[in-house]
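Undergrad: Here is a sequence with its predicted model. Questions after.
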4 protein chains.
Amino acid sequence: MNSTAHVQQLNPNAIALCSLGRWIASRHWVPATGGNFSIRQGDNMALVTASGKDKGELSPQDLLPVSWQGAQLTSPLGTPSAETALHAQLYQLDPAIKVVLHTHSVSATVFSRIITAPQHAFIGYEMQKAISGINSHEQALPLTIFENTQDISALAQQVQQRWYQQPLHFGLLVRGHGLYVWGHSLEQAKRHLEGWEFLINCELEYLKLTGKP
Amino acid sequence: MNSTAHVQQLNPNAIALCSLGRWIASRHWVPATGGNFSIRQGDNMALVTASGKDKGELSPQDLLPVSWQGAQLTSPLGTPSAETALHAQLYQLDPAIKVVLHTHSVSATVFSRIITAPQHAFIGYEMQKAISGINSHEQALPLTIFENTQDISALAQQVQQRWYQQPLHFGLLVRGHGLYVWGHSLEQAKRHLEGWEFLINCELEYLKLTGKP
Amino acid sequence: MNSTAHVQQLNPNAIALCSLGRWIASRHWVPATGGNFSIRQGDNMALVTASGKDKGELSPQDLLPVSWQGAQLTSPLGTPSAETALHAQLYQLDPAIKVVLHTHSVSATVFSRIITAPQHAFIGYEMQKAISGINSHEQALPLTIFENTQDISALAQQVQQRWYQQPLHFGLLVRGHGLYVWGHSLEQAKRHLEGWEFLINCELEYLKLTGKP
Amino acid sequence: MNSTAHVQQLNPNAIALCSLGRWIASRHWVPATGGNFSIRQGDNMALVTASGKDKGELSPQDLLPVSWQGAQLTSPLGTPSAETALHAQLYQLDPAIKVVLHTHSVSATVFSRIITAPQHAFIGYEMQKAISGINSHEQALPLTIFENTQDISALAQQVQQRWYQQPLHFGLLVRGHGLYVWGHSLEQAKRHLEGWEFLINCELEYLKLTGKP
């Protein structure tokens, strides 16, 4: 372990993110080493999960420091997750974002394929209030679904363009792929993750029972 | 920690409610800091969960003392859950109520939207006997569904009016929102929670398979 | 604690049954203090779970000694589960039965209502071999469904009559109520429980997808 | 314990496989003592789980050394799992295979019966990349389904024939029976297990919602 990695061992943010990772894995939302997490470490740096690790068995040295300068990423200590460009994009779009979580639940994956439109509006669920800025179940809460691509830079650019058109409400789906959520703190990001997963889950069950969204 | 909060640390009721909260969270019935719990502390006082806390990570100081005088609530130590008025209403309707639990399961949420009537009768389930006062699966057990509103005082008034018309059987649904259960002890409230969740779950699965309630 | 109860504390069968109870509760198969378990303690005696206990939190003194003489039950230390008569019936029908487990899963409950016939045959599942005496997925494995009743003695008599007509294959359903399984050892009873639950679960999912059994 | 078994107690591969078994059991993928696991111990030997053991409660001495010479198996220390012949077949087909896992999930069992064709192609799921050799969700990933038989040698022969026709992609289904996965390491085998289970699960949910694959 080099000295940079050693310092990270004691980083409370890194420890907290690993702990959240264990909880997320216990929900089966990051199977097969899928998913990735990051936590901001300053204006243009974040710790990002290393590629190929089981996200329920992370230790602080599995979080790699990544710096960005626009679309240019630098990661001196190892290979961060392939989707790091999207994390960096989000951190640049909003300086208040502290944590980004990307998960692969069965529900979110299936929902993103059942809904073929580019967006789905949730309405009538009290749980909508779990998403910051939503104060009533009567306020429609849209979730945007991006088409999946292996070109993460292109996806990051689409997210950037979309960001300035309409609020993303701390979450987005990538079709057939999974959910991204973020927050201004670890606690908020976790709440957004649980909130969006709950809403998606409810809507899928409702669809099974009624045959219509 | 002030001295009142310090005393609460040692309150066995508070400790037991926090422990029940961990169990409820392990069932995924209070996601995204949702839900709220309370335990009576005398004729016109209860401990109520603080707003915004993860209900699976409560410690006794997260339970706030709340007093009531009719619809007037007093909470000197912090902000209790937004739905405290409904807890206080239930404690005033029946002096035997010791514990109130409000949860947000996917099943209860979806069920409350699938059933568009103001009430649903369960019949033919042995589990109906988990609800106090029910002695046979042949005795129809109705569950009342109230419309959701952000005006909790109005909801509390509707519950009060409904209370004197027909028994609520230790539980009620709020549409698109979740389940409230209560009991004359912590153990009974837990049994009512599990019983109602089981019945709702069974009925939803039955509906999926048959297309009719 | 009296001396009889004290001896029971050290009874390895009692300890093992409590441990199995915790595992069964972790599967959510005995919600709301439902279900009951017993373990044979000789020719005409068994330890049976006390009524109203959470079956995931049993300790040996929650198991009550019950003796039988035909349909006559004797239980000097407390009130055993209401369904004790059915346990005693099974122990009398087959001296090799060592353990009886009665559970209330959502799947078994719903399945017992979806299948309106008095019996359902499973075929084509490798898991059928989990039930003692079944050696191939090609051998049809029938599961009998009895109508629910609050008269447990009457139910016990029906089980007795049915026993001599056709094998029950270490399990039976009571409609809208739950599953009974048994075995010649604790391990075998657990295997029969898991096996029957798996088969019922598969068949329900299959029905959801195909609309036919 | 004889000296061979004693040595096995300290075998890190054996310890790791038992640990993976506990994780697999926690997912409910090896109910009722079903399923079996093995880990290669050299060119023509592997440790294979003993028959009839609960796969969530394995200790190293429950793994039996099995040698092969073509279809001829030798197991001096006890009775390995009935399906050992298929494990041995896979180890002989590819010297790089280090671990073979056979599981019985409800999803895989039901999926193998819903899909009546001999093969099903997954497409459009990012999770396809969990399977080694797949680099894009746009690359169709076929899963082969073999008919179930109690003649494991015959099944092993069919797998051998199929192996040379088209890649199996580190997994195969046996109809009404379960899933086999393998990998070049314990970690990879686990990833293939989670990946295939996820894909099967998604496709089943999609089928429930759309009525078509």
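TA: Received the coordinates, thanks.

Undergrad: Near chain B, which residues of chain A are found?
TA: Contact residues (C-beta under 8 Å from any C-beta of the partner chain) of chain A with chain B: A:27, A:124-127, A:130, A:135-138, A:187, A:191-192, A:194-195, A:197-198, A:201-202, A:205-206, A:208-210. From N, CA and C alone the C-beta is placed, and that goes for glycine too.

Undergrad: quick check: angle from the top helix by length along chain A to helix D:186-210?
TA: As assigned by DSSP state H, the longest helix anywhere in chain A is helix A:186-210. Here helix A:186-210 points in a direction 40 degrees away from that of helix D:186-210 (axes from the mean of the first three to the mean of the last three C-alpha atoms, to 10 degrees).

Undergrad: near chain D, which residues of chain A?
TA: Within chain A, the positions adjacent to chain D are A:28, A:31-34, A:54, A:104, A:106-107, A:109-110, A:113-114, A:148, A:150, A:174-178, A:204, A:207-208 by C-beta under 8 Å from any C-beta.

Undergrad: Mind checking which of those residues land in helices?
TA: A:Val106, A:Ser107, A:Thr109, A:Val110, A:Arg113, A:Ile114, A:Leu204, A:Leu207, A:Lys208.

Undergrad: Next one: the last one relative to A:Phe198, how far apart?
TA: Right, the one you point to is A:Lys208. 16 Å (C-beta to C-beta, to the nearest Å).

Undergrad: So for whichever residue of chain A sits closest to chain C, what's the pLDDT?
TA: Nearest residue of chain A to chain C (C-beta to the nearest C-beta) works out as A:Lys208 at 8.3 Å. As predicted, A:Lys208 sits at a pLDDT of 94.

Undergrad: Double-check it against D:Leu207; I have them as touching.
TA: No: with contact defined as C-beta atoms under 8 Å, A:Lys208 does not reach D:Leu207; the gap is 11.0 Å.

Undergrad: burial count for A:Phe146?
TA: 18 (other C-beta atoms under 10 Å in any protein chain shown).

Undergrad: Check whether it really touches A:Gln157, as I assumed.
TA: No: applying C-beta under 8 Å as the test, A:Phe146 and A:Gln157 come out as separate, 10.7 Å apart.

Undergrad: Compare A:Lys208 and A:Phe198 (neighbour count), which wins?
TA: When neighbours are counted by other C-beta under 10 Å, A:Phe198 comes out ahead of the other of A:Lys208 and A:Phe198, with 23 against 17.

Undergrad: related to what we said a few turns ago, report the contact partners of the residue of chain A closest to chain C.
TA: B:Lys208, D:Lys208, D:Leu209 (C-beta atoms under 8 Å, 6 or more residues apart in numbering or on different chains).

Undergrad: I'd like to know how far the last one sits from C:Ile114.
TA: This means D:Leu209. 20 Å.

Undergrad: Could you check which helix or strand contains A:Val66?
TA: strand A:63-69 (DSSP states H and E).

Undergrad: ok, and for that strand, which residues are buried?
TA: For strand A:63-69, the neighbour count (16 or more other C-beta atoms under 10 Å in any protein chain shown) marks A:Leu63, A:Leu64, A:Pro65, A:Val66, A:Ser67, A:Trp68 as buried.

Undergrad: Between these, which sits nearest chain B?
TA: Nearest to chain B among the buried residues of strand A:63-69: A:Leu63, at 22.8 Å, using C-beta to the nearest C-beta.

Undergrad: does the closest one have beta-bridge partners, and which?
TA: Per DSSP bridges, the residues bridged to A:Leu63 are A:Thr49.

Undergrad: Pretty sure it sits against A:Cys18.
TA: Yes: between A:Leu63 and A:Cys18 there is a contact under C-beta under 8 Å: 7.4 Å.

Undergrad: hmm, who's touching stretch A:170-178?
TA: A:34-35, A:102-105, A:108-109, A:111-113, A:131-132, A:143-148, A:155, A:159, A:179-183, A:188-189, A:192, A:196, D:124-126, D:137.

Undergrad: do the same with stretch A:94-101
TA: So stretch A:94-101 is in contact with A:17, A:20, A:24, A:35, A:37-40, A:43, A:46, A:86-87, A:90-91, A:180-186, A:188-190, A:193, going by C-beta under 8 Å, 6+ apart.
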